[in-house]
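*Asks:* below: sequence and its predicted model.
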2 protein chains.
Amino acid sequence: MSDPLKVAIAGLGTVGVGTVKILQQHADVIENRCGRAIKITAVCARSNKDRGVDLSGYEWFDDAAQMAVKADADVIVELIGGSEGIAKDAVDAALAAGRHVVTANKALVAHHGQALATMAESKGVSLNYEAAVAGGIPVIKTLREGLAGNAMTRVQGILNGTCNYILTTMREEGRDFEEVLKDAQDFGYAEADPSFDIDGVDAAHKLAILASVAFGVQVNFDAVHIEGIRHISSTDIEFAEELGYRIKLLGIAAMTEHGLEQRVHPTMVPLSAPIASVEGVFNAVVTDGDAVDTLMQEGRGAGEGPTASAVVADICDIARGIMVPTFGVPVANLKPSQPRPMGQHVGAYYVRMMLVDEPGVFADVAAALRDNNVSMVSMLQQTSESGDAVPVVLTTHETKESDMNSALKAITALDTVVEAPHMIRIESA
Amino acid sequence: MSDPLKVAIAGLGTVGVGTVKILQQHADVIENRCGRAIKITAVCARSNKDRGVDLSGYEWFDDAAQMAVKADADVIVELIGGSEGIAKDAVDAALAAGRHVVTANKALVAHHGQALATMAESKGVSLNYEAAVAGGIPVIKTLREGLAGNAMTRVQGILNGTCNYILTTMREEGRDFEEVLKDAQDFGYAEADPSFDIDGVDAAHKLAILASVAFGVQVNFDAVHIEGIRHISSTDIEFAEELGYRIKLLGIAAMTEHGLEQRVHPTMVPLSAPIASVEGVFNAVVTDGDAVDTLMQEGRGAGEGPTASAVVADICDIARGIMVPTFGVPVANLKPSQPRPMGQHVGAYYVRMMLVDEPGVFADVAAALRDNNVSMVSMLQQTSESGDAVPVVLTTHETKESDMNSALKAITALDTVVEAPHMIRIESA
């Protein structure tokens, strides 16, 4: 039996407390599994209030960066959050001191992953971040290890539970975005400032990380095309169902012959696609590899237990001596990501617009599509109640996004179009 | 860069050829990921026919056990199959010679896992078998590593693609078992002798392995309660849909306070359960842990690419120096499995019977249930066409299986019951 692995935990919020609980309550089984004990030696938080766990045996630090260097620890666990500031200082300090790091911090890894991985590698320590992406779902381990024999072609997922909860509730209850968001905030499923979640930034952080691991490319968060769910209306959701689709906020990374697509946006997926049935706060990641074909993993993407489960798994890997390059291959071998411009994206589209309720107005829309090489698949018109304007939706065949954008511009300019059209991308699976 | 990892492959069927292909075609990326090359040095099969891959650079063996000892190899990959005979001889020989073993052989691991793990441990080598359970789904890695911080409470899954294909097709096309089985044989989804698949033995092998890893118990295949799908009729499938269920052959292992339940049987799951939507040849494994909550992994459970993907991942783990105890903890620490007798199982039941079409006959059935402490939830009667007998189905509240069995015996004995009733267990998720 080896010496215990000593762990210092920075950040005692929900996930930090959850991690302490697991390491305390499952100490015996974890020692059994890892062949050595895992012992918390130090913790760090802003205030030493009662958190419902016994922290009395651990050295207390007020400063995470100081703990990262001074604690009697092999592993520094960073659960503070945020891409800059004390979280980054602590991780930088820990790696520079040659200590393993486990973090749940997607913003940090998405923005500074490359530099951090370089530092970890030069010091011969692990930088593990399973909890940063899709909470309890072991998707980083799956990509780095479980699918190591595959050339990945695509990875996509429902990466933000808040958005999925809101979209699910809007559909189930036929309610509008603002109303459901307020409920989600009351229930604790959404932050007081929800923009990171609902504007797609959180999902984009996770997607950039997934893309790096899946395709062996440098993390390139800035290249992610990001749209959130604010503009999704309950009308869109109803039309989607009528057309056989469900609307999900997906993060999609695809390796094409023209470069890497990374995009986060509301997406219509067929009702028959497994990911369409992933509802509420659940997350799911779908990976496509040339050998394994399609694999879907579905589970809880947030919360004390699931996220702490991923943190502890990362610690156990270190205890067991499992060391894998941060993004699956040595940093020097990560390729530049070569982003594919969004205008080059080819896909099907859904467009909703309000047209003046007069005979023949759709002919102008049809002409605008034709003039921009956009070919329609279907058109649905709701019966008008007011007599002034009527909602019309259409779906297209596969179209280049730049053509679609030109068509939308031409449609917006029509006198008979009452408000700017809303576009939602359609994915076949 | 370390020395190449040398691999000898025994068995050149579908999976063996798939493994060769991946290791040849992805040699560069795999070397990049593992930090060392993986080189095939030897292969072994019964005949040296053309298999569409270039085997010319590899030493040829006719005898797998001989190759296991004599090949210039660090890892012996066993893809022959079968719990006894040459597969077992080869694995025994490889482990005795202190060589790592990677196998896709569920029967071997289910029957001899304990002894093989003991040998591997004493020699300090890996015994990896990701491909033995659920094909391309990395469920063994998920349980051994990804969920290492959890006390697992249940693991269940669709573990046999042949059965799932048959049940899906029966439902979609309203056809009978025998007919669909024949099609499945013609399409290559079922073996000429299909009994291992359709009688549940294959799923039971996989379940016994999953139970061991999930709960840290000795593999106990003999304790698995096994029922196949031969007795499922299209009538059952129709009734199931009407009642809001779908019929799946599930393998279920649950740790209860009265011992370990291991059972493979047709199961009615609610249509809303994610596993209900896993159709066709796909497999899925649902794991419940105290921290992670419910996690579902869905993918292809068989076939050249998916199974070879798992084999190669196991080899990559060895190349990277990742070594985890065979069943998650050292063999000496595996607990005896303490099977819970099936009669003690508590669950809900569906029963279909043919009753004489006379007024009041159901009263006798109801009395038989009452006399055996079985409480009904619903009863459905089809309208009789022949006038002789009518199909009646009922569902029960949670009931002890021994009580259910007594009730079924009493029902069978009734004069008004035309044929022995068929029982299908219902699971809430």
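*Replies:* Thanks, I have it.
*Asks:* show me which residues of the one helix or strand A:V393 maps to are buried.
*Replies:* Here A:V393 sits within strand A:389-396, counting by DSSP states H and E. Within strand A:389-396, the residues scored as buried using 16 or more other Cβ atoms under 10 Å in any protein chain shown are A:389-396. C-beta: built from backbone N, CA, C; applies to glycine.
*Asks:* near chain B too, which of the residues you listed?
*Replies:* The overlap between those and the neighbours of chain B (Cβ under 8 Å from any Cβ of the partner chain) is empty.
*Asks:* output the below-cut-off pLDDT ranges for chain A.
*Replies:* For chain A, applying pLDDT under 70 flags the ranges A:1, A:384-387, A:429.
*Asks:* which parts of the stretch 101-250 of chain A sit against chain B?
*Replies:* Within the stretch 101-250 of chain A, the positions lying close to chain B (Cβ under 8 Å from any Cβ) are A:130, A:136-138, A:141-142, A:144-151, A:216.
*Asks:* taking the residues you listed one by one, which sit in helices?
*Replies:* Judged by DSSP state H, the subset of these located in helices is A:K141.
*Asks:* please identify the helix or strand for the residue nearest to A:N372 when sequence neighbours are not counted.
*Replies:* Distances taken as Cβ to Cβ, 6 or more residues apart in numbering or on different chains put A:A407 closest to A:N372, at 3.9 Å, once the chain neighbours are dropped. Using DSSP H and E, A:A407 maps to helix A:401-412.
*Asks:* how much does that helix deviate in direction from strand A:389-396?
*Replies:* Orientation check (axes from the mean of the first three to the mean of the last three Cα atoms, to 10 degrees): helix A:401-412 against strand A:389-396 gives 160 degrees.
*Asks:* how about the CA coordinates for the following helix or strand past helix A:401-412, as PDB?
*Replies:* Note on helix A:401-412: by DSSP H and E, the next helix or strand toward the C-terminus is strand A:417-426. The C-alpha atoms that make up strand A:417-426 are tabulated as PDB, following Å, rounded to 0.1, in the frame of the first residue of the first chain:
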ATOM      1  CA  VAL A 417     -42.500  41.600 -43.700                       C
ATOM      2  CA  VAL A 418     -43.500  43.000 -40.300                       C
ATOM      3  CA  GLU A 419     -40.600  42.100 -38.200                       C
ATOM      4  CA  ALA A 420     -37.100  40.700 -38.800                       C
ATOM      5  CA  PRO A 421     -37.300  36.900 -39.500                       C
ATOM      6  CA  HIS A 422     -36.000  34.500 -36.800                       C
ATOM      7  CA  MET A 423     -33.700  31.700 -38.000                       C
ATOM      8  CA  ILE A 424     -33.000  28.400 -36.300                       C
ATOM      9  CA  ARG A 425     -30.600  25.800 -37.600                       C
ATOM     10  CA  ILE A 426     -31.800  22.200 -38.200                       C
END
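*Asks:* just checking: what are the partner strands of strand A:417-426?
*Replies:* When pairing is defined by DSSP bridges, strand A:417-426 lines up against strand A:259-270 (parallel), strand A:346-356 (antiparallel).
*Asks:* among the ones you listed, which is the most enclosed?
*Replies:* Among the strands paired with strand A:417-426, ranked by average contacts under mean count of other Cβ atoms under 10 Å in any protein chain shown, first place goes to strand A:259-270 (a mean of 23).
*Asks:* strands paired with whichever helix or strand comes after that strand, and their directions?
*Replies:* Past strand A:259-270, further along toward the C-terminus, the next helix or strand under DSSP H and E is strand A:282-289. For strand A:282-289, the paired strands and their directions (DSSP bridges) are strand A:152-158 (antiparallel), strand A:293-300 (antiparallel).
*Asks:* turn these into CSV, columns for distance to A:L250.
*Replies:* Formatted as CSV, the strands paired with strand A:282-289 follow (distance: least, Cβ to Cβ, whole Å):
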stretch, distance to A:L250
strand A:152-158, 5
strand A:293-300, 13
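*Asks:* can you lay out those as TSV showing mean neighbour count?
*Replies:* Formatted as TSV, these follow (neighbours: other Cβ atoms under 10 Å in any protein chain shown):
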stretch	mean neighbour count
strand A:152-158	24
strand A:293-300	24
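*Asks:* for the longest helix along chain A, packing partners?
*Replies:* Longest helix of chain A, by residue count under DSSP H: helix A:106-123. If contacts are counted by 3 or more Cβ pairs under 8 Å, 6 or more residues apart in numbering or on different chains; DSSP states H and E, helix A:106-123 sits against helix A:86-96, strand A:100-103, strand A:127-128, helix A:201-215.
*Asks:* now do it: everything it contacts.
*Replies:* Contact with helix A:106-123 is made by A:78, A:81-84, A:87-88, A:91-92, A:95-96, A:98, A:101, A:103, A:126-127, A:129, A:132-133, A:202, A:204-206, A:208-209, A:212, A:218-219, A:221, A:325-327, A:330-331, A:334, as judged by Cβ atoms under 8 Å, 6 or more residues apart in numbering or on different chains.
*Asks:* kindly recompute the last result at 6 Å.
*Replies:* Contact with helix A:106-123 is made by A:83, A:87-88, A:95, A:98, A:127, A:129, A:132, A:205-206, A:208-209, A:218-219, A:221, A:326, A:331, as judged by Cβ atoms under 6 Å, 6 or more residues apart in numbering or on different chains.
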